[in-house]
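Engineer: Quick one: sequence and predicted model below, then my questions.
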Amino acid sequence: MTPDKPKISTLIITLGSALALVITLCVGTATEVNAQSVHPETSLRIQAAPWDAKNAPSSKYITTVTETRTTTNLNLRESPSTSASSYGVMPKNTLVKLTGKKDGSWAQLTWKSRTGWASAKYLDTRTYKKDTSTRYMVGYTQIHETSAMNHIIGAVNFRSEVSLLEMSSNYAHIKTGYYHGWVNSNKLSTRRPAAQYRYVQSSGSTYSHWNPNSDKYVGRIHRGDKYEYRRWVGSSKRDEIKVNGKWVWTSTTNRQQPSTEYRYAQENGDVYNGPAKNNSSRVGSISKGTKVRWGAWNGANRRDEILLNGRWVWTGVTDRKNPTPPIKNIANYSRFTTKPFALYKDPGSGSKTVGTVKKGWKVSITHTAGTWKHINAGSVYGWVNDVDHFRIHGPFSIAVYGTLRTGQSAYNIMGGFQQKNMNQRIQKTSLYQLWNPNWTFLTNGSKTVVTEQFQYSDSRGPSMLKKLDVYEGQLKYQGKPMYTRQKVRMSDWSQSWTYKTTPFSEKVVKNSGRYISSGDFLKRS
């Protein structure tokens, strides 16, 4: 196919009633052209060419149809009488075929291979035009004057709706909005093809025409954007795409969707409405560290095209690397990790890795740098870009304050942990001793209680909690448990499980027990 060749149309122009001229016009085939018009200055009437749409013959696929249907559920009888045997009941709106025979108010007809009689009163016959000529183009196609396919008169675009007039061998006679002519029949479909799309591979210009010698600049499109497509011209390597409701041409699109690229402002700076420094205007500013979508790079002016606040602008202060934000010292607080991840020596993904942490670990956050956080996990410390890396509650973190602590009588129960944090404290609590030196109880209070935190993995955590629920549930008074597992807030602003008094046991403990002012089980005597 060579769509870039012009078509030659011969039109007859009548001047007054005395002179007839034949004028040959070159008309591009990218768009259908109406051959009948009135010249705005000379008022010369241009007579339509033979292939003008208004000169098209009638379509063989538009026919006059007469149909008869039932207007209610109706018996088909053996003879024209209500007492005659019925062949069956024809449902309302059933299509039937009349034989032409009548007997009074009865009409003979055929239904389901049966011929019988029905009351004409309940039959509706109407005549209408049945149009089965609608077709759709499956690709951009040139239109020829005859089925010999040797004279191009125009063209029709992909997905356009046309009317089929007739068929001849492998060729179809069609009518468009402006022409009637012939195309290959394999270019037609009874269903409109699905729209096709192209992606902008790199930001660039759009034009009014496929031919660089005949076009004009009409706009700009940007990397990654998606547009409806209908045609490719190989000679100029341009796609026709639909931008803001208008069909335009560009050489920067293709089928594959490119990856989205981003840039970061390396410093505070200005943004402009164009790349050229001598004729562009300042339209705003960008702050250091701002991440923006990137479209193009103008090497001559050393400016990036970026999407800032919904608008494409140009700037000279962006680059691929995320600049290091200022480091801020903060009041330390603790969190639990939601996933395993690497730690970096400095804030920024280009920095060297210095270690890894496991999911479920308790870590202390000591500094921030933008979205980066510096964490301390005992012997491991470094920076991580915080994207859902932390949570306040450790689902399998258990704070213990009595005989389950390191070196105490029940410490062996705590085996299998993946991390242990010593010398932690539970907020707003008090510690009491009751009846037995090893029986200590955590109650509500105004001070803090010394504890150790054990963190377990996802695989060990559920069974460990069940094991401790059974162990702590053994101690009862008056048939009621003295401990219950509760979520408590730690002094470092994290949350953990621990075993605390119930409302009933707290009254018993505070009425009969001995208050441990140090809040430390190891200093209870």
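Structural biologist: Here it is on my side, so go on.

Engineer: can we go C-alpha only for contacts and neighbour counts from here?
Structural biologist: Noted.

Engineer: pLDDT-wise, which helix or strand of this protein ranks last?
Structural biologist: Least confident helix or strand, the chain: strand 19-27 with a mean of 33, by mean pLDDT, DSSP states H and E.

Engineer: how about the nearest residue to the residue most central in space within the chain, chain neighbours excluded?
Structural biologist: What sits nearest the mean C-alpha location of the chain, by CA atoms, centre = their mean, is residue 226, with 12.1 Å. Once flanking residues are discounted, residue 226 sits nearest to residue 199: 4.6 Å by CA to CA, 6 or more residues apart in numbering.

Engineer: distance of the one you found from residue 250?
Structural biologist: 11 Å (CA to CA, to the nearest Å).

Engineer: Then residue 157?
Structural biologist: For residue 157 relative to residue 250 (CA to CA), the value is 17 Å.

Engineer: out of those two, which sits in the more crowded spot?
Structural biologist: Counted by other CA atoms under 10 Å, residue 157 and residue 250 do not tie: residue 250 has more neighbours, with 24 against 19.

Engineer: So what pairs up with that one in the strands?
Structural biologist: As for beta bridges, residue 250 partners with residue 239 under DSSP bridges.

Engineer: Am I right that residue 155 is in contact with residue 143?
Structural biologist: Yes: with contacts counted by CA atoms under 8 Å, residue 155 reaches residue 143, the gap being 5.0 Å.

Engineer: Which one's more surrounded, those two?
Structural biologist: residue 143 (26 against 23).

Engineer: quick one: the more buried one is in a strand?
Structural biologist: Yes: under DSSP: H, G, I helix; E, B strand; the rest coil, residue 143 sits within a strand.

Engineer: Now do the contacts for it.
Structural biologist: 152-156, 181-183 (CA atoms under 8 Å, 6 or more residues apart in numbering).

Engineer: mind checking how far it is from residue 137?
Structural biologist: 12 Å.

Engineer: Residue 103: how many residues sit nearby?
Structural biologist: Neighbour number of residue 103 under other CA under 10 Å is 13.

Engineer: Please read the previous query as pertaining to residue 194.
Structural biologist: 8.

Engineer: Same check on residue 149?
Structural biologist: 15.

Engineer: for residue 339, same thing?
Structural biologist: 13.

Engineer: Find the helix or strand that it is a member of.
Structural biologist: In the assignment (DSSP states H and E), residue 339 maps to no helix and no strand.

Engineer: Not including adjacent chain positions, what is the nearest residue to it?
Structural biologist: Spatial nearest neighbour of residue 339, chain neighbours left out: residue 359 (4.3 Å); criterion: CA to CA, 6+ apart.

Engineer: now swap in residue 243 and tell me
Structural biologist: Spatial nearest neighbour of residue 243, excluding adjacent residues (CA to CA, 6+ apart): residue 227 at 6.7 Å.

Engineer: same thing with residue 147?
Structural biologist: Residue 147 sits nearest to residue 182 (CA to CA, 6+ apart), 5.7 Å away.

Engineer: Quick one: mean pLDDT over the host helix or strand of the one you found.
Structural biologist: Per DSSP H and E: residue 182 is located in strand 180-184. The average pLDDT within strand 180-184 is 97.

Engineer: Same question for stretch 479-487.
Structural biologist: Stretch 479-487 carries an average pLDDT of 96.

Engineer: repeat for stretch 425-445
Structural biologist: Mean predicted lDDT for stretch 425-445 stands at 95.

Engineer: What residues sit buried inside it?
Structural biologist: Applying a neighbour-count criterion of 16 or more other CA atoms under 10 Å, the buried positions in stretch 425-445 are 425-434, 440-443.

Engineer: for the helix or strand containing residue 284, packing partners?
Structural biologist: Under the criterion of DSSP H and E, residue 284 resides in strand 282-286. With contacts defined as 3 or more CA pairs under 8 Å, 6 or more residues apart in numbering; DSSP states H and E, strand 282-286 has these neighbours: strand 269-272.

Engineer: outside of the top strand by length along the chain, which residues touch it?
Structural biologist: Using DSSP state E to define each element, the chain has its longest strand at strand 419-434. Strand 419-434 has contacts (CA under 8 Å, 6+ apart) with 361-362, 439-456, 488-491, 509-510, 512-517, 519-521, 524.

Engineer: repeat that for 6 Å
Structural biologist: 439-455, 489-491, 513-516, 519 (CA atoms under 6 Å, 6 or more residues apart in numbering).

Engineer: hang on, the residue nearest to residue 339 packs against residue 338?
Structural biologist: Yes: counting by CA atoms under 6 Å, residue 359 does reach residue 338; the two are 5.4 Å apart.

Engineer: give the contact list for residue 254.
Structural biologist: Applying CA under 6 Å, 6+ apart, the residues near residue 254 are 198-199.

Engineer: gap between it and residue 222?
Structural biologist: 13 Å.

Engineer: Residue 318 now?
Structural biologist: 17 Å.

Engineer: Show me which of the two is the more surrounded one.
Structural biologist: A count of neighbours by other CA under 10 Å puts residue 318 above the other of residue 318 and residue 222, at 28 against 22.

Engineer: how about the nearest residue to the more buried one, chain neighbours excluded?
Structural biologist: Residue 318 sits nearest to residue 265 (CA to CA, 6+ apart), 4.2 Å away.

Engineer: Can you select the buried ones from the contacts of strand 419-434 in PyMOL?
Structural biologist: Buried subset of these, written as a PyMOL selection, criterion 16+ other CA under 10 Å:
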select buried, resi 440+441+442+443+448+449+450+451+452+453+454+455+489+490+491+513+515+516+519
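
Engineer: Tell me where the chain is predicted with low confidence.
Structural biologist: 1-48, 349-350, 525 (pLDDT under 70).

Engineer: Mind giving me the packing neighbours of the host helix or strand of residue 110?
Structural biologist: Element membership for residue 110, per DSSP H and E: strand 106-111. Packing partners of strand 106-111 (3 or more CA pairs under 6 Å, 6 or more residues apart in numbering; DSSP states H and E): strand 95-103, strand 114-119.

Engineer: Render the CA-only coordinates of the longest one in PDB, please.
Structural biologist: Coordinates of the C-alpha atoms in strand 95-103 are reproduced here as PDB (Å, rounded to 0.1, in the frame of the first residue of the first chain):
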ATOM      1  CA  LEU A  95     -43.200 -14.400  12.700                       C
ATOM      2  CA  VAL A  96     -45.400 -16.400  10.300                       C
ATOM      3  CA  LYS A  97     -45.600 -16.700   6.500                       C
ATOM      4  CA  LEU A  98     -49.000 -16.000   4.800                       C
ATOM      5  CA  THR A  99     -50.000 -18.200   1.800                       C
ATOM      6  CA  GLY A 100     -52.300 -15.600   0.400                       C
ATOM      7  CA  LYS A 101     -55.500 -17.600   0.900                       C
ATOM      8  CA  LYS A 102     -58.300 -16.100   2.900                       C
ATOM      9  CA  ASP A 103     -61.700 -17.300   4.100                       C
END
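
Engineer: now that strand, how far from the chain's geometric center?
Structural biologist: Offset of strand 95-103 from its chain centre (CA atoms, centre = their mean, to the nearest Å): 58 Å.

Engineer: what lines up beside it in the sheet?
Structural biologist: The pairing partners recorded for strand 95-103 under DSSP bridges are strand 62-70 (antiparallel), strand 106-111 (antiparallel).

Engineer: list the buried ones in that strand?
Structural biologist: For strand 95-103, using 16+ other CA under 10 Å, the buried residues are 95-96, 98, 102.

Engineer: Would you mind listing the two of these that lie farthest apart?
Structural biologist: The most widely separated members of those are 95 and 102, with 18.1 Å between them, by CA to CA.

Engineer: I'd assumed residue 509 was in a helix, is it?
Structural biologist: Yes: if the criterion is three-state DSSP, then residue 509 is within a helix.

Engineer: Residue 451: which element?
Structural biologist: With DSSP H and E as the criterion, residue 451 is inside strand 447-455.

Engineer: so what does that strand touch, helix or strand wise?
Structural biologist: Strand 447-455 is packed against strand 393-400, strand 419-434, with contacts defined by 3+ CA pairs under 6 Å, 6+ apart.
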